[in-house]
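Chemist: For reference, the sequence and a predicted model appear below.
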Amino acid sequence: MDYYSQETDRLILRKLTENDIDTWAEFFVDNPNGRFVAVDFSLDKQTSSKFWIDKQLYRYANQQFGLLAAIEKSPGKFIGLGGILTRDFNDKDEFEVSY
C-alpha cells in the first residue's frame, strides 16, 4: 500500500499540492484549533496555508510521511487533513498520528 495515496469506502487520501492552498486557507480564519499547528496566525490566511502545505511537501520529499488531504468521495469535497508525522523525541524518531 502506498502511504501517499489511499482510499476507504468514503474517503480518498492523497498528497497535498499547491492547488490546495486556497481551500486549506479557510482553516486559518478564526479557528480555535490553530494553536496546534505551529503557524504564525498574524500572517494572512493565504501565506499561512502556503507555509503549511510547503511543510508537508518537504516532508513528502524527505520520506517523513506528512499529512494527507482527506477528500470525501461524494461530493468530492476537501474535508481536512490526516496522517503520520515523524517527531524527534529524546533523540529518537517517534511517530504521531495527526488530524
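Modeler: Alright, I've got the coordinates.

Chemist: Show the backbone phi and psi for K77.
Modeler: Dihedral pair for K77: phi -90, psi 140, per degrees, to the nearest 10.

Chemist: Show me which residues of the biggest helix by length in the chain are buried.
Modeler: The longest helix of the chain (DSSP state H) is helix 45-61. Of the residues in helix 45-61, those scored as buried under the neighbour-count criterion (16 or more other CB atoms under 10 Å) are 45, 48-53, 55-56, 59-60. C-beta: built from backbone N, CA, C; applies to glycine.

Chemist: residues in contact with the spatially most central residue of the chain?
Modeler: The geometric centre of the chain, computed from its C-alpha atoms, lies nearest to L67 (CA atoms, centre = their mean), at 3.7 Å. The neighbourhood of L67, defined by CB atoms under 8 Å, 6 or more residues apart in numbering, consists of 16, 56, 81-83, 85, 98.

Chemist: do E96 as well
Modeler: 84-87.

Chemist: make it 6 Å
Modeler: Residues counted as contacts of E96 (CB atoms under 6 Å, 6 or more residues apart in numbering) are 85, 87.

Chemist: Repeat that for W52.
Modeler: Contacts of W52 were listed using CB under 6 Å, 6+ apart, and they are V39.

Chemist: hmm, back to that, just name the closest of the buried residues of helix 45-61 to W24, please.
Modeler: Within the buried residues of helix 45-61, the smallest distance to W24 is 4.6 Å, found for S49 (CB to CB).

Chemist: what about the closest one, distance to E96?
Modeler: Counting by CB to CB, to the nearest Å, the separation of S49 from E96 is 21 Å.

Chemist: again, but for F28
Modeler: Relative to E96, F28 is positioned 21 Å away (criterion: CB to CB).

Chemist: same question, L16
Modeler: Distance of L16 to E96, computed by CB to CB: 17 Å.

Chemist: can you check L67 too?
Modeler: Shown here: L67 relative to E96, a distance of 11 Å by CB to CB.

Chemist: tell me which strands and helices the helix or strand hosting G80 is in contact with?
Modeler: Taking DSSP states H and E as the definition, G80 sits inside strand 77-89. In this structure, strand 77-89 packs against strand 65-72, strand 92-98, with contacts taken as 3 or more CB pairs under 6 Å, 6 or more residues apart in numbering; DSSP states H and E.
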